[in-house]
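In: predicted structure and sequence below. I'll ask about it afterward.
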Amino acid sequence: MQGDDIGSLIYLVLLGLMIAGFFVAQNRMSLNRTLQSLAIWVLIFFGVVAAYGLWGDIRQTVMPQQTSFAETGQIVVPRSPDGHYYIRADVNGASTLFVLDTGATDMVLTQEDARRAGLDPQALNYIGRAMTANGEVRTAPVWLESVTLGAVTDRNLPATVNAGEMSQSLLGMTYLQRWGRIEIEGGELTLTR
């Protein structure tokens, strides 16, 4: 701990003791009830302090943030706790969360993501077939007006919409090949155009 941190901790402990003293002085007759209230407030206080102190770690764990460097044409994505790399891109203007999947040939949209991108999954022609970990599924080929990732926008891109249940859209190799370099190092994935 640094000097400022120790000073802040001492201040917070003294503040807590003052509040506790006030409760005891006000409720001398019902000491048991006062102690219960005090215990609850102490737990709330330490919970708030812990959440505040750990917020950066919690936020990074729950929502790792990708970083775009327009001047170098790079996108840097941290590995999520489940081991995958999640990338947020705009598909036809709709923000879409993808899992980067080098094992997927195409960019594959869930039906919900396709709907948000302005496509009608019910009106699509599911003429394709794909083998997945869950078996064979039907797919519909589509063309996307635009896909924007960071400062880079690509137009008229082929993709497919999956007829089956998918928890996440996939960013496959037909899109990733547009990037000149894909690197994974130190828990980060870097795309360079």
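Out: The structure has been received and is ready for your questions.

In: next helix or strand past the longest strand belonging to the chain?
Out: For the chain, the strand reaching the highest residue count under DSSP state E is reported as strand 135-149. Scanning forward in sequence from strand 135-149 by DSSP states H and E, the next helix or strand is strand 152-162.

In: neighbouring contacts of that following strand?
Out: 73, 106-111, 114, 119, 121, 124, 126, 128, 130, 137-148, 174-175, 178, 193 (CB atoms under 8 Å, 6 or more residues apart in numbering). All C-beta atoms are positioned from the backbone trio N, CA, C, and that covers glycine.

In: among those residues, the buried ones, what's the PyMOL command?
Out: This is the PyMOL syntax for the buried subset of these, where burial follows 16 or more other CB atoms under 10 Å:
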select buried, resi 73+106+107+108+109+110+111+114+119+121+124+126+130+137+138+139+140+142+144+147+174+175
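
In: what packs against the longest strand of the chain?
Out: Applying 3 or more CB pairs under 8 Å, 6 or more residues apart in numbering; DSSP states H and E, we find strand 135-149 packed against strand 86-91, strand 128-132, strand 152-162.

In: buried sites along the longest one?
Out: If you call a residue buried by 16+ other CB under 10 Å, then strand 152-162 has these buried ones: Val152, Leu157, Ala159, Thr160, Val161, Asn162.

In: identify the residue nearest the fourth one in space, chain neighbours excluded?
Out: Which is Thr160. Computed as CB to CB, 6 or more residues apart in numbering, the closest residue to Thr160 that is not its neighbour in sequence is Thr139, at 4.2 Å.

In: on that earlier part again, may I have the strands that pair with the longest strand of the chain, each with its orientation?
Out: Looking at strand 135-149 with DSSP bridges, its partner strands are strand 86-91 (antiparallel), strand 128-132 (antiparallel), strand 152-162 (antiparallel).

In: weakest of those strands by average pLDDT?
Out: Confidence, taken as mean pLDDT, is least for strand 128-132 of those (a mean of 86).

In: could you dump that one to PDB, C-alpha only?
Out: Taking Å, rounded to 0.1, in the frame of the first residue of the first chain, the C-alpha atoms of strand 128-132 are listed here in PDB:
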ATOM      1  CA  GLY A 128     -26.500 -24.600 -47.500                       C
ATOM      2  CA  ARG A 129     -25.300 -27.200 -45.000                       C
ATOM      3  CA  ALA A 130     -22.600 -26.900 -42.400                       C
ATOM      4  CA  MET A 131     -21.000 -29.400 -40.100                       C
ATOM      5  CA  THR A 132     -20.800 -28.100 -36.500                       C
END
